[in-house]
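The following comprises the amino acid sequence and a computationally predicted model.
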Amino acid sequence: MDFASNFAMVLPEEILAFGAILLMLVSAWGGPRSTRAVSITSVLVLVGAGLALLGPASSGGVAFGGLYRADGFAAFAKVLIFVAAAVAIIMAPDFFQRTAGDDLRPEYPVLILLSTAGMGMMVSASDLLTLYVGLELQSLAAYVLASFMRRDTRSAEAGLKYFVLGALASGILLYGISLVYGFTGTTLFGDIAQAYAGPRSMGLLFGLVFVFAGIAFKMSAVPFHMWTPDVYEGAPTPVTAFFASAPKVAAMALAVRVAVVAMGPALGEWRQIVIFAALASIVLGAVAAIGQTNIKRLLAYSSINNVGFALIGLAAGTREGVSGVLTYMTIYIAMTLGSFLVVLQMRDADGEPVEEVASLAGLSRTRPGLALALAIFMFSLAGIPPLFGFWAKFAVFDAAVAAGLFPLAAIGIAASVIGAYYYLRVVKIMYFDDPAPAFAPMTNPVEGGLIALTAAFVSPLGYFAIPALGAWTMAAARALF
Amino acid sequence: MSGFPILSIMLVIPALGALACLFVPAQTARMIALAATLVDLVLGIVLWANFDIGGAQWQFVEYSPVFGRFAWALGIDGFALMLIMLSVFLMPICIGASWRSVTNRVPEYMAAFLFTEVLMLGTFAAQDLFLFYVFFEAGLIPMFLIIGIWGGVNRIYASYKFFLYTLLGSLLMLVAMLYMAREAGTTSIPALQAFNFDPRVQTWLWLAFFASFAVKMPMWPVHTWLPDAHVQAPTAGSVILAGVLLKLGGYGFLRFSLPMFPEASGQLTWLIFTLSAVAVIYTSLVALVQADMKKLIAYSSVAHMAIVTIGLYAFNRQGIEGAMIMMLSHGLVSGALFLCVGVIYDRLHTREIARYGGLSINMPRYALFFLLFTMASIGLPGTSGFVAEFMSLLGTYQISTWTALLCTTSIILGAAYMLYLYRRVAYGEIKSSDVRAMPDLSSRELWLLAPVAAVVLWMGVYPESFLAPMRKDVTTLLARIDRAAPPSDSRPRGGSVAIASTKVR
């Protein structure tokens, strides 16, 4: 295959990478004054990368001798990632403007672009080394983003914790990759699958366990979730919103591809790991969230809980299961970004952000629209119909039941009642309690529009998207089977 | 009427009303809510008038596969028609009951009620498994808010308990539904009612549905959310809770458990009978010692719902028809009793029985209505309660004499706690000056109670009006479940002493 066609297939990542490098030069030259221009251009770069997916980048072809696969599955995940990244850039200026101390610098959108390029590689990787390089690119940019507020000790702490634990997880993953390579003699997913189809040595199994452990860290599934609440709490809110959305999709898509394509024949082995991680994440994410008083920590545990549900779809190991995972992540992205956009509006009369759940008290009287939106997100995250979050859970549980995993479905679904408790608590505080001091009024109409848009998607109106969503996710899932 | 989507319109009108309520001041919101519910009542009457009794099983059918995996499929049979009528009849009364007593956040309150109406009607009209689930489950959200925002002192605890209890039950049902849709390859309720599931699997599916319906019903021992929810809910919330939401459990048994899993239903009848008999005796005794009026009526609801379940699982016409009449009758009577409690609560702001006394002296009209509904709750002949209890117990007797014996105590114990309540509230001396100062029913309150009283008497004197639309559906249901009917202990078996004695005669 010639260079041009290889080049065409990785076009989205190239747009992102070149865009990031160019914008880096612009920001080095222009300094803080260029922030606004760089942010706007970054969003345009993301749009361009998204448009590039329409071409050969979603053709299903293989580039660079099998290192990279440009199929529908990757394209679907990339759309979600790009959207989440764009929202994370759009919501940033307002946040930094209000926060005393640190200003938004043009590096912020550039780092997001680099991280996004890494994620694009992750979801398209069909070789363990592409996987690793993509993951590291994403992670290194993310470490810096976590500590973006340099004068804030919590932000610095978040960055450091994320880096130390992330480096450990990368080490675990790399160790697993080396084992798999050592026992199969290849890093290509297709060849690895052949090795797993034959008799499996202990080394292959160990490799599988370590690879999954490393990926579980990136998607913050229990028992590799410990970093999540601290990092989410400390990082600036737009960055937290980014962490809770785009990298989760990337890590989940990566896990699906590794599990189904590279280690598909070892379904019985990895399914045990996935089932354990799913149930543990659901239960721990729900139980630990009950005691949280900080809204960002609460949403961190909520994200752990949601990863558990998405993993139920993966545990099914079928086409429906993969389609369910993608459906889940699509709806999850909307709920998460919406929730964080509401969190962004939480600031006191001086404009300083507040993060206490208690400060939401009586929001339904001081800011009825905002309260309604957050209530929609909370009920939806709890999976209560007629909100669209129900459909996300429906899709993954349907796949699990179809695959005969009844105990998993029953336990998982029963545990979601625990999760409902803390989502209800947020609604209770907003609607039942006496009003706390009102938040400062919303200044950015774009954020208001995005909240309305995500709330509308999550509301019963979303049900009309089911046929289209079902067709797209099934087409994406078919690319893997 | 064919082709005219009357059911969808009945759903859309309150939904639009609810949205409109959110953007207008209090008085306008009240007007909108009343208008929307009245329009739905009129449409309900049109529905009943156009219902072809003895015609096709499913009428007013609408089908539109807009959601892909499941469809917007609506349609009603006689059972659904009657429960829809109950809902649309009680709704304007609920709005009227909240006219003066709710002054706090009225637009949201009215919107919540209208959304509840949409979801209830949708539950009864849904012909698709998952559409049913969406409506069924979504009803939790407005009720959670109604109890939690406008409820009494301990409202937050009650709202959580209500929500989480019912959610856990429903979710197990969802897993069963997912399996059924896979197994049968359809989500259409009429098709699933004709599908024969493997009897071994049926037991599991039945238990999963039971987990949901038993909580909604509510059956002993998962009834404990009900007294809390009732006591804390505002008056109209209690009316809707008792009047319609409790019927979802019975409707579920009738629509899903019996026709879809007949074998399992037959095998597990003992479970229903045992729990129901315990419920009748236990909750009636608990009701006797309550100091709070609403709690007393709530416990009596649990006892009455147990009569519904034994009737449903009697596997014969009298039992099932009796159970349906019981649901309608209980919806009207307990709803009206909660309204009666609401009337005096609005005046004195306490539900403690001991605070009242001698109300028949200064509130004679109120005492008359209260007496009528008390008698209907006990099951006095001439009221709907009698028809309901008599038919249910008659049906049960044919299949289990012991259950019938134990559950008939419901009438005696019911008389005990209701008459005891009435004596303490309406008779005796007026205890305090503030009770003496209470005015009799206002014309608004009279207009709320009088229609309910009229229907209670109508159903008591001429139940045929309500039985006729359901008759053919009962026949269809019996034809489906007859093969699984459990053995009867009231009919003599060959070789027994009873047979010998009949021969002599």
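Yes, it's here.

Please count neighbours and contacts with C-alpha atoms only from this point.
Noted.

Grab the most central residue of the chain for me.
Assuming you mean chain A. A:Lys248 (2.4 Å; C-alpha atoms, centre = their mean).

right, and that residue touches A:Ile215 too?
No. Counting by C-alpha atoms under 8 Å, A:Lys248 does not reach A:Ile215; the two are 10.3 Å apart.

what does the stretch 1-150 of chain B have sitting close to chain A?
For the stretch 1-150 of chain B, the contact set with chain A under C-alpha under 8 Å from any C-alpha of the partner chain comprises B:66-69, B:134-135, B:137-138, B:145, B:148-149.

mind listing the strands for chain A?
Counting by DSSP state E, the segments of chain A that form strands are A:61-63, A:68-70.

Tell me how far the residue in chain B that chain A sits nearest to lies from A:Gly389.
Of all residues in chain B, B:Gly68 sits closest to chain A, at 4.6 Å by C-alpha to the nearest C-alpha. As for B:Gly68, its distance to A:Gly389 is 16 Å (criterion: C-alpha to C-alpha, to the nearest Å).

Identify the residues contacting stretch A:136-151?
For stretch A:136-151, contacts defined as C-alpha atoms under 8 Å, 6 or more residues apart in numbering or on different chains pick out A:101-102, A:108, A:111-112, A:114-119, A:155-160, A:162-163, A:166, A:170, A:231, A:234-236, A:239-240, A:243, A:247.

quick one on the thing from earlier: tell me the secondary structure for the residue of chain B closest to chain A?
Per DSSP: H, G, I helix; E, B strand; the rest coil, the local secondary structure of B:Gly68 is coil.

burial measure for the residue lying closest to it once chain neighbours are set aside, as a count.
Once flanking residues are discounted, B:Gly68 sits nearest to A:Pro467: 4.6 Å by C-alpha to C-alpha, 6 or more residues apart in numbering or on different chains. Neighbourhood size, A:Pro467 [other C-alpha atoms under 10 Å in any protein chain shown]: 15.

Kindly report the same for B:Ile272.
By the criterion of other C-alpha under 10 Å, B:Ile272 has 20 neighbours.

Wait, B:Met438 touches B:Pro364, no?
No. B:Met438 lies out of contact with B:Pro364 (C-alpha under 8 Å); the separation is 11.4 Å.

count of residues packed around B:Arg444?
12.

got a pLDDT number for it?
If you check B:Arg444, the pLDDT there is 88.

can you pull the contacts of B:Leu11?
B:118-119, B:121-122.

Then B:Phe273?
Taking C-alpha under 8 Å, 6+ apart, one finds B:309-310, B:313, B:403 in contact with B:Phe273.

can you list the residues of chain A near chain B?
A:384-386, A:397-398, A:401-402, A:406, A:409-410, A:413-414, A:417, A:420-421, A:424, A:428, A:431-432, A:463-467, A:470.

Which stretches in the stretch 201-350 of chain B count as strands?
Assigned strands in the stretch 201-350 of chain B: none (criterion: DSSP state E, counting those that start in this stretch).

okay, the residue nearest the centre of chain B: pLDDT?
Centrality entry for chain B: nearest residue to the mean C-alpha point is B:Lys247, 2.8 Å, by C-alpha atoms, centre = their mean. You'll see B:Lys247 listed with a pLDDT of 89.

for B:Ala367, same thing?
What the model reports for B:Ala367 is a pLDDT of 90.

Validate this expectation: it resides in a helix.
Yes. Under three-state DSSP, B:Ala367 sits within a helix.

Just list the residues touching the residue in the stretch 201-350 of chain A that chain B sits nearest to, thanks.
Of all residues in the stretch 201-350 of chain A, A:Glu320 sits closest to chain B, at 12.2 Å by C-alpha to the nearest C-alpha. With contact taken as C-alpha under 8 Å, 6+ apart, A:Glu320 is in contact with A:313, A:399, A:474, A:477.

Using ChimeraX, define a selection of the buried residues within these.
Of the contacts of A:Glu320, the buried ones go into a single ChimeraX selection, burial set by 16 or more other C-alpha atoms under 10 Å in any protein chain shown:
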select /A:313,399,474,477
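
which ones are touching the residue nearest to B:Ile53 when sequence neighbours are not counted?
Leaving aside its sequence neighbours, B:Ile53 sits nearest to B:Pro469 (C-alpha to C-alpha, 6+ apart; 5.2 Å). Counting by C-alpha under 8 Å, 6+ apart, B:Pro469 touches B:51, B:53-54, B:78-79.

Which among those count as buried?
Buried among these by 16+ other C-alpha under 10 Å: B:51, B:53, B:78-79.

what's the neighbour count on the residue nearest to B:Gln290 when sequence neighbours are not counted?
Excluding its sequence neighbours, the residue lying closest to B:Gln290 (C-alpha to C-alpha, 6+ apart) is B:Leu296, at 5.5 Å. For B:Leu296, the count of nearby residues is 23 (other C-alpha under 10 Å).

Give the burial count for residue 25, as a bare number.
Just so you know, I chose chain A. So A:Leu25, with other C-alpha under 10 Å, has 11 neighbours.

sorry, should have said chain B
12.

What lies in contact with stretch A:38-49?
A:11-13, A:15-16, A:19-20, A:23, A:26-27, A:82-83, A:85-86, A:89-90, A:106, A:109-110, A:113.

The stretch 201-350 of chain A: helices as residue ranges?
For the stretch 201-350 of chain A, helices defined by DSSP state H, counting those that start in this stretch occupy the ranges A:202-218, A:227-234, A:237-257, A:267-290, A:295-316, A:319-344.

and the third one, how far out from the chain's middle?
Chain-centre distance of helix A:237-257: 2 Å, with C-alpha atoms, centre = their mean, to the nearest Å.

could you give the angle of that helix to helix A:319-344?
Interaxial angle, helix A:237-257 versus helix A:319-344 (axes from the mean of the first three to the mean of the last three C-alpha atoms, to 10 degrees): 170 degrees.
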